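> Structure of the sequence below:
(one chain, ligands or ions: 1)
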Amino acid sequence: MRHALLSIALVSAAAVAIAGARPGAAQQEGPTPKSTWTTQTPKSQGEPRGYVQYQDYCAVCHGAGVGKPGTLALQQKYKGAEPALLEDRTDLTPQLIKTYVRNGISVMPFFRKTEISDADLDAIAAYLTRNNKRAAK
Ligand code: HEC
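Numbers count the residues shown, from 1 in each chain. Below you'll find the predicted structure:
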């Protein structure tokens, strides 16, 4: 009888040890857990420089799809003479992009350096001018 109780105690101790080991092992295999409050930004996967920053700050208004105020406004402005999507433009220059971003226009807000750093804006400008052969980079 005493022997049986001892084995039960040993078995449950082992079970606790195994259960305790599991969360650690799972953490190493799976992705790093993120807080619910962390903004999920797309991770770069070989896209051109500035793509990720553009998605973060601009695509919400200048992206493709329904109801994007930037895309809609540029559709109205150019009426097909230039693509409504900034990403498809071939005429943008870094200077023009930076002027619009730092000053804003119409419903487009201006972005301070504390919101979009100079380095991030450089990257966005490089991305949007990647198809402009004449833009000095
Ligand atoms: C809140 C929505 C919004 C956001 C965010 C936004 N824009 Fe805009 N943007 C607009 C609208 C609307 C216009 C068109 C204004 C007009 O001329 O009526 C515009 C115009 C522009 C233009 C002028 C294009 C042209 O040919 O006239 C550039 C360049 C531009 N945006 C770049 C950016 C970049 C780069 C970002 C990200 C850093 C950005 N915008 C973020 C709404 C936005």
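
> does A64 really touch T71, like I thought?
Yes: counting by C-beta atoms under 8 Å, A64 touches T71, with 6.9 Å between them. To be clear about C-beta, it is placed using only N, CA and C from the backbone, and glycine gets the same treatment.

> Please say which of the two ends up with more neighbours.
Comparing A64 with T71 by other C-beta atoms under 10 Å, the one with more neighbours is T71, at 21 against 11.

> Which residues are in contact with each of A64 and T71?
Residues touching both A64 and T71 (C-beta atoms under 8 Å, 6 or more residues apart in numbering): L85.

> Could you pull out the buried residues of the host helix or strand of K98?
Using DSSP states H and E, K98 sits within helix 94-103. Judged by neighbour count (16 or more other C-beta atoms under 10 Å), helix 94-103 contains these buried residues: P94, I97, K98, V101.
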